[in-house]
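Participant: need a structure here:
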Amino acid sequence: AACAHLAAALDAAAERAAGEAIAESKFDRETHDDDDDVSSDTADLPSVSAYDVVFEDENAPVAFKLGAMQHGLGTGAWLDGDVTSPPSAPLVATRGGNGVGVALLPSDAKLLAPFVASRVVSESAYDTTSSSWGSIAFKEVSTSTGTYRFRIRDSRSAETTSSASASVLFLHGFMGGLEDWDAVARGLTPEARCVAVDMPGHGGTSFAPEPGRSEAEGYEVEAMAEAVSKLGDALFGDESRDDAPVTVVGYSMGARVALAAAAALGDEPSFLKKKRGGGVVSIGGSPGIAGAEARKNRAERDDAMASALRCSGVESFARAWYRQGLFRSLIEHPRYSVSDMASRRARSCVFGGDDEETERRSAAERLASLLSAASPGRQKQVDAAKLASSGTRLFFVTGAADKKFVKVAETLAEEIRTAARSSGHKNVRVTETLVPGAGHAAHLEAPETLVLRLLRVVRDDE
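Facilitator: Numbers count the residues shown, from 1 in each chain. Next up is the predicted model:
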């Protein structure tokens with residue numbers, strides 16, 4: 001974890017170097033003399049978001065292929081496979097191939113002559129092109145509540161087939177998006193088919209309720225759990241072999257949905273029911289809230305926050321959201337800040353449409369409806385006995401600094417084991433794991449560590 005954070009610090013130093021270059025709009029045109037130490041002398045440089053440093057020319061020639069931040073600490077060759085490429089700041093090689101620098105904005109094209117891009121970073125968090133680990137697709141499923149049209153990124157395209165026998169389905173948290181899993185998915189694709197999903201109410205996923213149903217009903221945890229189950233069957237139903245396991249990895253709200261889906265498993269066939277491997281990985285998840293008074297208070301609190309979201313818009317609301325103590329370690333991380341996360345969430349919710357302002361208001365309304373409908377105070381508390389009888393392997397992964405959810409995971413895991421003993425279920429597998437140096441958003445704060453942990457699940461090494 002320490003190496004991962006040092007790697008992040010070096011990434012941040014490169015971004016600050018990019019910021020200085022952009023601010024000054026000039027650089028030395030002379031050829032570098034084998035000086036590729038991009039992390040030195042950057043302590044007082046201004047910071048710049050990775051989204052501000054963009055190349056739009058995807059056909060730019062490559063004179064010298066650089067790995068993602070070649071400092072060899074967690075995001076480079078230190079791991080077997082680079083899990084965080086492309087780099088957050090666009091490093092470029094000189095045409096002579098004997099030096100390295102930081103690129104400027106494409107608007108300064110006349111200043112870019114001595115340089116060529118080694119990697120391309122997309123300007124939009126939601127692009128429609130193929131990413132380095134998968135391609136965008138849409139999958140429609142019908143449930144008792146309505147029809148969901150999921151936007152997904154799938155490492156197995158329609159034109160290609162993957163040799164990987166295992167599959168992983170990623171579910172993000174509130175205000176997140178499928179791009180939240182990019183670093184983790186890149187680390188897993190050599191061994192598993194990876195599919196990341198825009199959850200209902202987010203990004204490019206849409207929902208049309210059945211007659212007599214409301215849109216808000218489609219955002220309830222139980223409704224989303226049914227939709228995810230149908231989606232999993234549609235995506236992985238053709239992989240009928242029992243030795244082709246599927247693992248659902250959910251974070252926070254996504255974890256609550258995944259646990260609800262596992263608890264709802266009956267006698268019908270399901271993509272989660274495999275004789276070998278697979279299961280549910282809950283990252284910072286919970287079974288819901290117990291006690292009538294506590295549930296009432298939480299539902300009222302979420303309703304109040306939903307009203308604030310409608311009034312303020314996504315970006316302003318996100319600034320307040322990420323100042324909660326729950327996200328302290330995230331915003332103190334070298335790669336993130338409150339302003340960075342707020343602008344990132346605001347960009348990710350604008351998807352399609354000609355009127356950006358109208359789309360922003362619509363996105364705020366959808367997220368507000370979801371915040372109320374999917375409140376832990378309104379969802380049916382997941383029954384530990386049903387999880388024990390589901391036949392699904394359960395893995396609870398929590399950031400070591402996320403003390404509240406460490407306790408939640410320990411308590412639920414013990415309840416499942418107790419229920420299994422009482423009911424005679426001998427093959428229940430429940431595992432708890434801490435991610436050192438991480439808080440609630442372990443998949444963003446320590447993706448390298450999480451990849452290693454998930455590889456053990458995918459390989460069935462637990």
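Participant: which non-adjacent residue is nearest residue 417?
Facilitator: Spatial nearest neighbour of residue 417, excluding adjacent residues (CB to CB, 6 or more residues apart in numbering): residue 430 at 5.9 Å. (Glycine included, C-beta is placed from N, CA and C.)
Participant: separation between the one you found and residue 300?
Facilitator: According to CB to CB, to the nearest Å, residue 430 and residue 300 sit 33 Å apart.
Participant: For stretch 211-230, give me every contacting residue.
Facilitator: Stretch 211-230 is contacted by residues 141-146, 148, 150, 169, 171, 197, 199-201, 207, 209, 248, 256-258, 260-261, 264, 270-272, 288, 366, 369-370, 372-374, 378-380 when judged by CB atoms under 8 Å, 6 or more residues apart in numbering.
Participant: circling back to that earlier point, neighbour-wise, which of residue 430 and residue 300 wins?
Facilitator: Taking neighbours as other CB atoms under 10 Å, residue 430 and residue 300 compare with residue 430 leading, 20 against 13.
Participant: my read: that one touches residue 390, true?
Facilitator: No - using CB atoms under 8 Å, residue 430 is not in contact with residue 390; the gap is 11.3 Å.
Participant: Residue 327 versus the closest residue to residue 363 other than its chain neighbours, what's the distance?
Facilitator: Spatial nearest neighbour of residue 363, chain neighbours left out: residue 349 (3.7 Å); criterion: CB to CB, 6+ apart. Using CB to CB, residue 349 is found at 18 Å from residue 327.
Participant: out of these two, which sits in the busier spot?
Facilitator: residue 349 (24 against 21).
Participant: so who does the more buried one touch?
Facilitator: Contacts of residue 349 (CB under 8 Å, 6+ apart): 175, 202, 203, 314, 359, 360, 363, 364, 367.
Participant: Distance to residue 340, neighbour count and secondary structure for the residues you listed - can I get that in CSV?
Facilitator: Shown next, in CSV, are the contacts of residue 349 (distance: CB to CB, whole Å; neighbours: other CB atoms under 10 Å; DSSP: H, G, I helix; E, B strand; the rest coil):
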residue, distance to residue 340, neighbour count, secondary structure
175, 14, 28, coil
202, 19, 25, coil
203, 18, 24, coil
314, 14, 25, helix
359, 21, 15, helix
360, 18, 17, helix
363, 19, 24, helix
364, 20, 22, helix
367, 19, 23, helix
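Participant: the strands in the stretch 301-450 of the chain, which residues?
Facilitator: Here the stretch 301-450 of the chain has its strands, by DSSP state E, counting those that start in this stretch, at 394-399, 430-435.
Participant: Summarise which helices and strands the first one is packed against.
Facilitator: For strand 394-399, the elements it packs on are strand 279-283, helix 403-423, strand 430-435, helix 442-445, helix 447-458, judged by 3 or more CB pairs under 8 Å, 6 or more residues apart in numbering; DSSP states H and E.
Participant: Select, out of the ones you listed, the one closest to residue 322.
Facilitator: Closest approach to residue 322 among the helices and strands packed on strand 394-399 is made by helix 442-445 (11.2 Å; CB to CB).
Participant: For the closest one, name the packing helices and strands.
Facilitator: By 3+ CB pairs under 8 Å, 6+ apart, helix 442-445 packs against helix 328-331, strand 394-399, helix 447-458.
Participant: just for the stretch 1-150 of the chain, where's the confidence low?
Facilitator: Within the stretch 1-150 of the chain, the ranges that satisfy pLDDT under 70 run 1-131.
Participant: at 50 instead, please
Facilitator: For the stretch 1-150 of the chain, the stretches flagged by pLDDT under 50 are 1-2, 4, 21-95, 97-98, 100-130.
Participant: any idea how far the nearest residue to residue 433 once chain neighbours are set aside is from residue 422?
Facilitator: Sequence neighbours aside, residue 397 is the residue nearest to residue 433 in space, at 5.0 Å (criterion: CB to CB, 6+ apart). According to CB to CB, residue 397 stands 26 Å off from residue 422.
Participant: swap in residue 180?
Facilitator: Residue 180 is 38 Å from residue 422, where distance means CB to CB.
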